[in-house]
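**Q** mind folding the following:
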Amino acid sequence: MLVKCVCANCGHSFLTDDQAGDLTCPRCGYVNDNASGGGFPVEPAPDHGALPPEFQPEPEFNHGAPEPAFAPPSGFDPKSPPPLFMSWDRMFRGMFFGGILTLSLGAALGAALAATGLVIPGVAALLMALGAGAATRHGLGGRTALRTRGFAISAIIVVVLVGYLGIIGGSWMVERFTGTRAAQTREDLSAGKVQLASQLARARKMTDVKSAAILEAKFEQAEKLEKLTDAQIEDYLWTQQAQFNQPLVAYAKVKLTQGDLLKLGADKPPVRAPKHAPIAIAGVELLLAMLIAYQGVKSKR
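**A** Sure, this is the predicted structure:
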């Protein structure tokens with residue numbers, strides 16, 4: 001029958017057979033007698049093989065829990081999903097889904113700012129950065145691992161730029177329908193047509209064929225402009241101001257080169273910015289938005 005004995009020399013506990021009479025301690029080799037062994041019967045246990053003395057655990061580990069092999073980093077959340085290594089398909093998926101979300105968010109944000117007449121530096125950058133970080137992380141399927149953050153940075157740059165295009169497009173769509181310059185333009189066209197008609201009659205009377213042809217072309221152009229809608233007239237004014245024949249690009253060029261620095265409402269007077277100051281502010285906003293959005297994508301581990 002197996003009995004549990006305690007070595008009188010080192011205090012090590014071990015199991016032995018009381019019929020064999022061998023009370024030698026497997027740890028220190030001390031031969032115990034029956035009196036010092038202090039054995040008492042225990043329930044039989046399955047024999048998995050006795051370990052040699054050199055592989056026996058240390059005494060302090062028999063009664064105390066071992067210390068952890070490493071300490072977790074600060075801010076480590078065991079419930080959070082692990083960071084993922086980026087691949088080309090993950091990067092393009094993040095660009096695609098993140099770009100769609102930020103384009104929609106940017107269009108809504110630009111439309112809201114244009115409708116309220118607000119121009120506040122940094123507001124669009126902050127809101128776009130938060131949206132771009134969340135949208136890109138959703139598209140990527142999680143945060144990126146440390147060694148593949150270059151892919152995530154590329155996705156963030158594309159997503160933020162797409163979001164800013166959405167801001168410009170949304171504000172352009174609102175301003176072309178809510179602009180107040182169309183009525184004044186129609187009045188100027190009516191007055192211009194009267195002057196052109198008198199000059200054209202004088203040129204025909206003097207048989208000045210070349211001048212008459214030029215005046216007739218201007219008169220026809222004025223008539224075509226009068227037939228345009230208010231939104232189309234606003235587009236025409238943007239293209240004339242920017243000297244570019246694409247309305248959206250012309251609108252962006254004017255806003256980035258001649259836009260207001262600060263405006264707190266549609267009926268409030270704007271604060272004019274020095275030349276090319278708006279494009280510098282927009283560049284700083286883009287960098288700030290990319291940095292904030294990157295914080296939402298990179299992993300802390």
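
**Q** would you agree Glu216 is in contact with Leu200?
**A** Yes. Glu216 lies in contact with Leu200 (Cβ atoms under 8 Å); the separation is 6.3 Å. Using the backbone N, CA and C atoms, a C-beta is placed for each residue, glycine as well.

**Q** buried residues of the helix or strand containing Leu215, list them for me.
**A** Here Leu215 is covered by helix 209-226, with elements defined by DSSP states H and E. Residues of helix 209-226 classed as buried: Ala212, Leu215, Lys218, Phe219, Ala222, Leu225 (neighbour count, 16 or more other Cβ atoms under 10 Å).

**Q** helix or strand, whichever it is, which one in the chain has the lowest mean pLDDT?
**A** Using mean pLDDT, DSSP states H and E, strand 40-41 stands out as the lowest-scoring helix or strand of the chain, at a mean of 44.

**Q** just how off-centre is the helix holding Leu215 within its chain?
**A** In terms of Cα atoms, centre = their mean, to the nearest Å, the centre of helix 209-226 is set 52 Å apart from its chain centre.

**Q** dump the C-alpha coordinates for the next helix or strand after it into PDB.
**A** Next helix or strand after helix 209-226 toward the C-terminus (DSSP H and E): helix 230-242. C-alpha atoms of helix 230-242 as PDB (Å, rounded to 0.1, in the frame of the first residue of the first chain):
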ATOM      1  CA  ASP A 230     -29.500  80.100 -61.300                       C
ATOM      2  CA  ALA A 231     -27.200  77.100 -60.400                       C
ATOM      3  CA  GLN A 232     -25.800  77.200 -63.900                       C
ATOM      4  CA  ILE A 233     -25.100  80.900 -63.700                       C
ATOM      5  CA  GLU A 234     -23.300  80.300 -60.400                       C
ATOM      6  CA  ASP A 235     -21.100  77.600 -62.100                       C
ATOM      7  CA  TYR A 236     -20.400  80.100 -64.900                       C
ATOM      8  CA  LEU A 237     -19.300  82.700 -62.400                       C
ATOM      9  CA  TRP A 238     -16.900  80.200 -60.700                       C
ATOM     10  CA  THR A 239     -15.300  79.300 -64.000                       C
ATOM     11  CA  GLN A 240     -14.900  82.900 -65.000                       C
ATOM     12  CA  GLN A 241     -13.300  83.700 -61.600                       C
ATOM     13  CA  ALA A 242     -10.900  80.800 -61.600                       C
END
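
**Q** which elements pack onto helix 230-242?
**A** Applying 3 or more Cβ pairs under 8 Å, 6 or more residues apart in numbering; DSSP states H and E, one finds that helix 230-242 contacts helix 149-178, helix 181-205, helix 247-258.

**Q** mind putting those into CSV with mean neighbour count and distance to Gly139?
**A** Shown next, in CSV, are these (neighbours: other Cβ atoms under 10 Å; distance: least, Cβ to Cβ, whole Å):
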stretch, mean neighbour count, distance to Gly139
helix 149-178, 21, 7
helix 181-205, 14, 40
helix 247-258, 19, 26
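
**Q** closest one to Gln295 among the ones you listed?
**A** With Cβ to Cβ as the criterion, Gln295 lies closest to helix 149-178 of the helices and strands packed on helix 230-242, at 9.9 Å.

**Q** quick one: mean pLDDT over the closest one.
**A** Helix 149-178 comes out with an average pLDDT of 90.

**Q** what residue ranges in the stretch 151-300 of the chain score low on pLDDT?
**A** Residues of the stretch 151-300 of the chain meeting the criterion pLDDT under 70: 300.
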